[in-house]
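> Based on what follows, work out the 3D shape:
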Amino acid sequence: RSRHGSLANFRVAAWLDDPACPVAADVATVLDEAVTALERAGAAIDRRARPEIAFDEVNRIGLPLISAATSPGRTDEEFATMASLAADPPADADPVRVMRARASAVHHRTWALQTEERERIRARWAEFFAATDIVLCPVSPTAAFAHQHGGTVYDRTITIDGEQRPYVDILKWTSFIGFAYLPSTVVPVGVTASGLPVGIQVVAPFLGDRTALTFARHVETICGGYQPPRSVEVPGTDVAEGGGQRALAAERLRAASRMVSAVSGNSTSRVRNSSIDRTDTTVVAVVVTVAPRRRPCSPNSLSSAISP
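As a prediction, the model looks like this:
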């Protein structure tokens, strides 16, 4: 069960930024305003409290372990390429690509040592949560940005406050929490000056999912919860226009239906209560119900269902 029920009883830390993965100024403003609103509502929040863990551990331990865990999804050809790159990376090779290659072809001894490091980090988190119930932190260093269809995750970049940064930076705040096995509930807390939604991670101790959910309800109540974002102009497209938005929403519903069919493999799966609001061109709700399966889902069929 949750450690507490009343907002005032929660002991909260706010880790809203870090030099190792700086948060965009417009996102930081929204997060700060959300924490201030919680304080005004009676929450006891320490903005300086931190576990004895450097954020950079996500680069040294977190991302390599996550990459190793996802490596079985690579084909034999992809694995061979990764193993070759890991064994002899060129001097100008992208560091993220090299990290993922080494994680994919990691020796068991190296993986075991990294896992030991993770357990030490988890122990530090446990010590911190002895006197803290919740940690609030960013979901991403930036709000939503225009889709990038060229290149790969290795060579793409994103621009945050005028600075070009590696694309992988968008994964670091969630990876920092996830690789330590901490439960996190993301709650919308506001929008940037340009109208883009911003969420906050509500992080609880290991196995403290109900604690995270209980505090997240307080955040939702105080900060307003989900609000449909207004249309955002995208140069060269019509997505800001009502007709374009409705068409886009309809296509997403069709894609969701195809995905559900692929997952279920039978007619007991259904998409219900789905509709497109005719006034603000926002998808109102898609509730997916999937009956228990009797056979495993084919990853290939799922991929084909959501492919354009």
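> Only alpha carbons, please: show stretch 6-22 as PDB.
Output of stretch 6-22 as PDB, limited to C-alpha atoms (Å, rounded to 0.1, in the frame of the first residue of the first chain):
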ATOM      1  CA  SER A   6      -2.400  13.000   2.700                       C
ATOM      2  CA  LEU A   7      -0.300  15.300   0.600                       C
ATOM      3  CA  ALA A   8       1.200  16.900   3.700                       C
ATOM      4  CA  ASN A   9       2.600  13.600   5.000                       C
ATOM      5  CA  PHE A  10       4.700  12.900   2.000                       C
ATOM      6  CA  ARG A  11       8.400  13.600   2.200                       C
ATOM      7  CA  VAL A  12       9.400  14.800  -1.300                       C
ATOM      8  CA  ALA A  13      12.600  15.700  -3.100                       C
ATOM      9  CA  ALA A  14      12.600  17.700  -6.300                       C
ATOM     10  CA  TRP A  15      15.500  16.900  -8.700                       C
ATOM     11  CA  LEU A  16      14.500  19.100 -11.600                       C
ATOM     12  CA  ASP A  17      17.700  19.600 -13.500                       C
ATOM     13  CA  ASP A  18      21.300  18.300 -13.700                       C
ATOM     14  CA  PRO A  19      24.400  19.600 -15.500                       C
ATOM     15  CA  ALA A  20      24.900  16.100 -16.900                       C
ATOM     16  CA  CYS A  21      21.600  16.400 -18.800                       C
ATOM     17  CA  PRO A  22      20.400  20.000 -18.700                       C
END
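> Buried residues in it, which are they?
For stretch 6-22, burial by neighbour count (16 or more other Cβ atoms under 10 Å) applies to 7, 10-18, 21-22. Backbone N, C-alpha and C define where each C-beta goes, glycine included.
> Where does pLDDT dip in the stretch 201-308 of the chain?
For the stretch 201-308 of the chain, applying pLDDT under 70 flags the ranges 229, 231-308.
> make it 90
Residues of the stretch 201-308 of the chain that meet the criterion pLDDT under 90 lie in 224-308.
> which residues touch the closest residue to Glu220 other than its chain neighbours?
Spatial nearest neighbour of Glu220, excluding adjacent residues (Cβ to Cβ, 6 or more residues apart in numbering): Val187 at 5.5 Å. By Cβ atoms under 8 Å, 6 or more residues apart in numbering, the residues touching Val187 are 199-200, 202, 216, 219-220, 223, 225.
> Name the next helix or strand downstream of the helix or strand encompassing Val187, please.
Taking DSSP states H and E as the definition, Val187 sits inside strand 184-191. Elements were assigned by DSSP H and E; along the chain past strand 184-191, the next helix or strand is strand 197-203.
> list the buried ones in the next helix or strand after that following strand?
Next helix or strand after strand 197-203 toward the C-terminus (DSSP H and E): helix 209-223. The neighbour-count check on helix 209-223 (16+ other Cβ under 10 Å) flags 211-212, 214-220, 222-223 as buried.
> pretty sure Val189 is touching Ile200, no?
Yes - with contact defined as Cβ atoms under 8 Å, Val189 and Ile200 form a contacting pair (5.0 Å).
> What number of residues are in the vicinity of Tyr167?
16 (other Cβ atoms under 10 Å).
> What residues does it make contact with?
Contacts of Tyr167 by Cβ under 8 Å, 6+ apart are 148, 153-154, 156-158.
> and if you look at Ala143?
24, 26-27, 192, 194, 196-198.
> What subset of those residues is buried?
Neighbour counting with 16+ other Cβ under 10 Å marks 24, 26-27, 192, 196-198 as buried within the contacts of Ala143.
> Tabulate those residues in CSV, adding columns for pLDDT.
Formatted as CSV, those follow (pLDDT from 0 to 100):
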residue, pLDDT
Ala24, 97
Asp26, 97
Val27, 97
Thr192, 94
Leu196, 92
Pro197, 93
Val198, 96
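> For these, which two are the farthest from each other?
The distance between the two most remote of these (Cβ to Cβ) is 13.5 Å, for Ala24 and Pro197.
> can you count the residues close to the closest residue to Trp15 other than its chain neighbours?
Nearest non-adjacent residue to Trp15, counting by Cβ to Cβ, 6+ apart: Cys137, 4.5 Å away. Using other Cβ under 10 Å, Cys137 has 22 other residues around it.
> just Ile177 next, same as before
21.
> Please apply the same query to Asp76.
7.
> Just say helix, strand or coil for the residue nearest to the spatial centre of the chain.
Centroid check for the chain by Cα atoms, centre = their mean gives Thr174 as the closest residue, at 5.0 Å. At Thr174, secondary structure determined by DSSP: H, G, I helix; E, B strand; the rest coil is helix.
> Next, the contact list for the closest residue to it other than its chain neighbours, please.
Using Cβ to Cβ, 6+ apart and skipping the chain neighbours, the partner closest in space to Thr174 is Val139 (6.3 Å). By Cβ under 8 Å, 6+ apart, Val139 lies in contact with 173-174, 186, 198-201.
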